[in-house]
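In: I need the structure of the sequence given here:
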Amino acid sequence: MITEKFDALFGMYSEPILAISGNEFVYYNNAAGKFLPNIAQLQPSDVFPAGILDAESDSFIGELDIVGNRSTFSAARFEGYRIFSLLSVAESAEKIDAAAFSALSLEMKNYLAVLRLAANTVLPYIENTGDEQLKMHAAMINRSYFNILRLTSNIEMLSAEFSTTPLRRRRFDLANTVRSLVDACSHLVKDSHVSISFNSVEESILIFADRDKIEQMLLNMISNSLISLEEDGTITVSIELTKDSTIITVRDSGNGISDDVKASAWNRYETPRTLTDTKGGAGFGMAVISQIARLHGGSVFFESRKGEGTTVAASIPLDNDGNLHVSDKIDVYQSRGISPFLIGLSTVLAYDKFKQKYMD
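Out: The predicted structure is shown next:
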């Protein structure tokens with residue numbers, strides 16, 4: 001009965017459609033059977049991470065690897081069932097020339113090095129003049145520098161999809177790293193009356209990953225939330241430990257994303273305007289978040305409603321071989337100064353944060 005009902009609704013769909021009840025596929029159309037040839041032997045937990053299957057929201061979208069295929073998905077509830085619609089990214093995304101990306105990024109960094117050298121020579125004199133207007137112009141130069149540096153970093157991250165550049169994996173305490181990062185971000189935005197808090201039941205979570213890339217991912221998540229917030233808004237960063245992965249979640253009380261632009265959230269060229277807006281960047285943020293999670297063997301999804309805020313969650317495996325308890329040396333978190341945060345949040349921080357007195 002259920003099969004006939006769903007088949008009448010979804011049987012003619014060209015994209016794979018899956019219906020889930022509990023941990024069982026109760027229906028899949030012909031397209032899903034071709035996409036997952038062995039679906040009859042699979043359970044939903046073999047295809048989707050726990051964070052996606054356990055999501056409380058009625059509808060959300062995301063991106064993850066399914067049996068080696070990078071796919072976007074949308075999920076919705078229908079008469080007590082969770083309905084998933086899948087689309088292979090390869091069907092809709094353009095192939096990008098990694099060599100061109102790398103060359104562009106390198107050339108930009110060469111010009112940035114010259115700009116920084118000249119700025120470091122001239123800007124301290126401006127600071128000493130006492131002219132507030134000149135100081136603000138100097139801050140604009142500094143902010144633009146960090147903006148472009150962030151852009152080159154994101155370009156490099158996206159080009160990694162088509163290159164063989166390995167992740168610099170090491171064992172480190174994710175909870176301590178995220179806690180320190182949130183504290184630094186909270187300090188930087190305190191003048192804007194935005195509250196950023198950290199929540200984790202676990203005091204320590206060891207993970208085998210590229211720490212710099214995880215920080216870049218989280219800063220993009222926080223930056224996206226800051227873009228959508230008005231004054232007195234809140235951002236909550238939390239970590240949840242599962243059997244073989246950790247889920248990093250960023251929730252905000254911002255404007256949310258309307259249904260008509262959700263589907264373009266993962267497209268690096270068609271980012272929803274609410275994620276960039278007038279104070280946003282080039283629109284690569286969500287694509288970078290997804291790319292970093294995917295390179296670690298994880299996944300990412302988000303749920304949002306217009307006027308009700310947005311939640312973005314990234315699931316990252318604890319270890320490359322599933323074994324948490326290994327004897328590798330643990331990389332202790334050490335602050336690298338304020339620069340990584342100025343880069344990561346350059347599109348949302350006020351010009352005041354880029355005055356020369358903070359650069360020294």
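In: find the nearest non-adjacent residue to the residue of the chain most remote from its centre, please.
Out: Centroid-distance maximum for the chain: residue 129 at 41.2 Å, with CA atoms, centre = their mean. Spatially, and ignoring its direct neighbours in sequence, residue 129 is nearest to residue 135 (7.9 Å; CB to CB, 6 or more residues apart in numbering). No exception for glycine: its C-beta is placed from N, CA and C like everyone else's.
In: can you check residue 207 too?
Out: Taking CB to CB, 6+ apart as the measure, residue 207 lies nearest to residue 174, with 4.4 Å between them; neighbours along the chain are not counted.
In: picking up where we left off before, just the element for the residue nearest to residue 129, please.
Out: Secondary structure assigned from DSSP states H and E places residue 135 in helix 132-159.
In: next: residue 27.
Out: Counting by DSSP H and E, the element that carries residue 27 is strand 24-28.
In: ok, now how distant is residue 10 from residue 3?
Out: In this structure, residue 10 and residue 3 are separated by 11 Å, where distance is defined by CB to CB, to the nearest Å.
In: and if you look at residue 240?
Out: Going from residue 240 to residue 3 by CB to CB gives 35 Å.
In: the two: which is more packed in?
Out: Comparing residue 240 with residue 3 by other CB atoms under 10 Å, the one with more neighbours is residue 240, at 19 against 12.
In: per-residue pLDDT, the closest residue to residue 231 other than its chain neighbours?
Out: Once flanking residues are discounted, residue 231 sits nearest to residue 193: 4.7 Å by CB to CB, 6+ apart. Residue 193 carries a pLDDT value of 79.
In: pretty sure residue 193 contacts residue 234?
Out: No: here residue 193 lies out of contact with residue 234, judged by CB atoms under 8 Å, at a distance of 10.3 Å.
In: pick out whichever of the two has more residues nearby.
Out: When residue 193 is set against residue 234 and neighbours are counted by other CB under 10 Å, the residue ahead is residue 234, at 15 against 11.
In: distance-wise, check that one relative to residue 248.
Out: Using CB to CB, we find residue 234 at a distance of 17 Å from residue 248.
In: same thing with residue 180?
Out: Relative to residue 248, residue 180 is positioned 14 Å away (criterion: CB to CB).
In: same question for residue 117.
Out: With distances defined as CB to CB, the gap from residue 117 to residue 248 amounts to 36 Å.
In: settle it for me: which of these two has more neighbours?
Out: In terms of neighbours (other CB under 10 Å), residue 248 is the more surrounded of residue 117 and residue 248; the figures are 26 against 10.
In: tell me the bridge partners for the more buried one.
Out: When bridges are called by DSSP bridges, residue 248 pairs up with residue 239, residue 314.
In: pretty sure it sits against residue 218.
Out: Yes: proximity of residue 248 to residue 218 meets the contact threshold set by CB under 8 Å, at 6.5 Å.
In: anything in contact with each of those two?
Out: Residues touching both residue 248 and residue 218 comprise 178, 237, with contact defined as CB atoms under 8 Å, 6 or more residues apart in numbering.
In: if we can go back for a sec, pLDDT at the residue nearest to residue 207, what is it?
Out: Turning to residue 174, the model gives it a pLDDT of 93.
In: give me every residue that touches it.
Out: Contacts of residue 174 were listed using CB under 8 Å, 6+ apart, and they are 205, 206, 207, 209, 214, 239, 246, 248, 316.
In: now do the same end-to-end measure for stretch 17-31.
Out: 7 Å (CA to CA, to the nearest Å).
In: ok, and what's touching that stretch?
Out: Contacts for stretch 17-31 (CB under 8 Å, 6+ apart): 2-3, 6-7, 10-11, 13-16, 32, 36, 39, 42-45, 47, 53, 78, 80-86.
In: what about 6 Å?
Out: Outside of stretch 17-31, the residues within contact range by CB atoms under 6 Å, 6 or more residues apart in numbering are 2-3, 6, 10-11, 13-16, 32, 39, 43-45, 81-85.
In: so where's the stretch 151-300 of the chain uncertain?
Out: By pLDDT under 70, the low-scoring segments of the stretch 151-300 of the chain are 158-166, 259-285.
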